[in-house]
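S.K.: Attaching a predicted model along with its sequence, questions to come.
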Amino acid sequence: MRVGLDVGGTKTEAVALDGAGTVIARVRRPTALGPDGVIASIHAAVDEVSARTGGRATSVGIGMPGQIVPGSGIISHAVNLGVRSLDVAAVVGTALGVPVDVENDVKAAALGAAVLRSAVVPATTATATATVTPGLAYLNLGTGVAAGLVTGGALWRGSRGAAGEIGHLSVDPAGPRCRCGQRGCIEALAGGRAVAERWGRPAVLPVADVFDCADGTDLDGPVRARARELREDVVRGVAAAVRVLVLTADVDVVVLGGGLTALGDRLVAPVRAALRRSGETSPFLRSLHLDERIELLPAGSPAAALGAALLGAERGEEVLTVG
Ligand SMILES: [Zn+2]
């Protein structure tokens with residue numbers, strides 16, 4: 001039984017997969033912060049998902065927000081978890097006595113999205129084998145913006161694990177200042193935190209508030225105009241991300257996930273329109289059908305936990321069949 005975890009800043013989600021790759025249990029628990037809290041949360045989630053199934057984990061994969069030291073199970077700069085640096089794989093692996101893989105949560109979600117989209121996880125013997133779509137990008141639109149790429153059935157991490165960090169690609173030299181020091185980064189235009197800071201109006205869901213105010217008629221002109229400006233930035237930021245992912249990796253599909261995608265078609269329709277507009281003056285861009293390559297991750301999908309569960313297979317310890 002493979003176990004996959006998505007350890008987020010507020011909750012930890014765990015799934016258990018049987019030998020055929022089918023999700024047989026799924027649990028959600030709050031995440032305790034700091035190195036000790038995170039490790040305790042991981043163990044509690046593994047225990048709970050094991051108790052649900054009556055099985056025992058044969059491998060554990062963990063997706064976490066932060067940087068993974070390439071080729072290791074060490075997470076660093078996991079600010080949202082209160083972890084500066086922690087060898088998660090060593091600590092958890094020693095305690096459980098099973099192989100433990102650790103990956104950045106967006107990259108894990110990319111792998112999970114590829115498996116979910118293939119909708120085919122063929123049964124094999126004791127080996128969890130997944131058929132994955134070649135050429136998929138997962139674009140996470142949350143507090144920040146980042147992408148994960150799956151090509152040839154495996155994650156494309158790049159030489160230092162930075163592949164897909166397109167949030168800090170500057171697309172407008174005159175755009176708003178980004179926390180990374182540049183101007184006009186995709187994340188400065190479309191990241192939830194950046195939008196909230198620029199909007200400055202207290203709201204539980206600031207990006208949704210921006211969209212509501214942009215559509216609303218009960219606000220004075222300048223506030224509505226500002227909301228429309230910010231909404232336009234979100235749309236052009238997401239469109240730029242889709243463009244760069246397709247032009248760099250020619251992925252079949254860009255799956256959108258993360259908190260902003262709760263906006264559904266209110267976000268996707270204008271992004272598609274922006275991509276179509278960029279094709280109006282360019283037969284080349286038009287020929288790529290960028291607008292047709294976008295899909296939304298189904299709401300509530302445990303993509304990161306599912307992808308995390310398959311990390312061992314994806315890393316080549318077992319054969320992963322590519323569809
Ligand atoms: Zn930046």
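M.R.: The structure has been received and is ready for your questions.
S.K.: Dump the C-alpha coordinates for the host helix or strand of V46 into PDB.
M.R.: Per DSSP states H and E: V46 is located in helix 34-53. The C-alpha trace of helix 34-53 is given here as PDB (Å, rounded to 0.1, in the frame of the first residue of the first chain):
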ATOM      1  CA  GLY A  34       7.700  23.800  13.000                       C
ATOM      2  CA  PRO A  35      10.000  20.900  12.400                       C
ATOM      3  CA  ASP A  36       8.600  18.700  15.200                       C
ATOM      4  CA  GLY A  37       5.000  19.600  14.400                       C
ATOM      5  CA  VAL A  38       5.400  18.800  10.700                       C
ATOM      6  CA  ILE A  39       7.000  15.400  11.500                       C
ATOM      7  CA  ALA A  40       4.300  14.600  14.100                       C
ATOM      8  CA  SER A  41       1.600  15.600  11.500                       C
ATOM      9  CA  ILE A  42       3.100  13.300   8.900                       C
ATOM     10  CA  HIS A  43       3.200  10.300  11.400                       C
ATOM     11  CA  ALA A  44      -0.400  11.000  12.500                       C
ATOM     12  CA  ALA A  45      -1.600  11.100   8.900                       C
ATOM     13  CA  VAL A  46       0.200   7.900   8.000                       C
ATOM     14  CA  ASP A  47      -1.200   6.200  11.100                       C
ATOM     15  CA  GLU A  48      -4.800   7.400  10.400                       C
ATOM     16  CA  VAL A  49      -4.800   6.300   6.800                       C
ATOM     17  CA  SER A  50      -3.300   3.000   7.700                       C
ATOM     18  CA  ALA A  51      -5.900   2.400  10.400                       C
ATOM     19  CA  ARG A  52      -8.700   3.200   7.900                       C
ATOM     20  CA  THR A  53      -7.400   0.500   5.500                       C
END
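S.K.: And the contacts of that helix?
M.R.: Helix 34-53 has contacts (CB atoms under 8 Å, 6 or more residues apart in numbering) with 1, 3, 5, 7, 12-16, 24-27, 29-32, 56-57, 60, 62, 64, 78, 81-83, 86, 88, 91-92, 95-96. Backbone N, C-alpha and C define where each C-beta goes, glycine included.
S.K.: Just give the strands next to the helix or strand harbouring Y138 in its sheet, each with its orientation.
M.R.: Using DSSP H and E, Y138 maps to strand 136-141. In the sheet, strand 136-141 lines up against strand 145-151 (antiparallel), strand 253-257 (parallel) (DSSP bridges).
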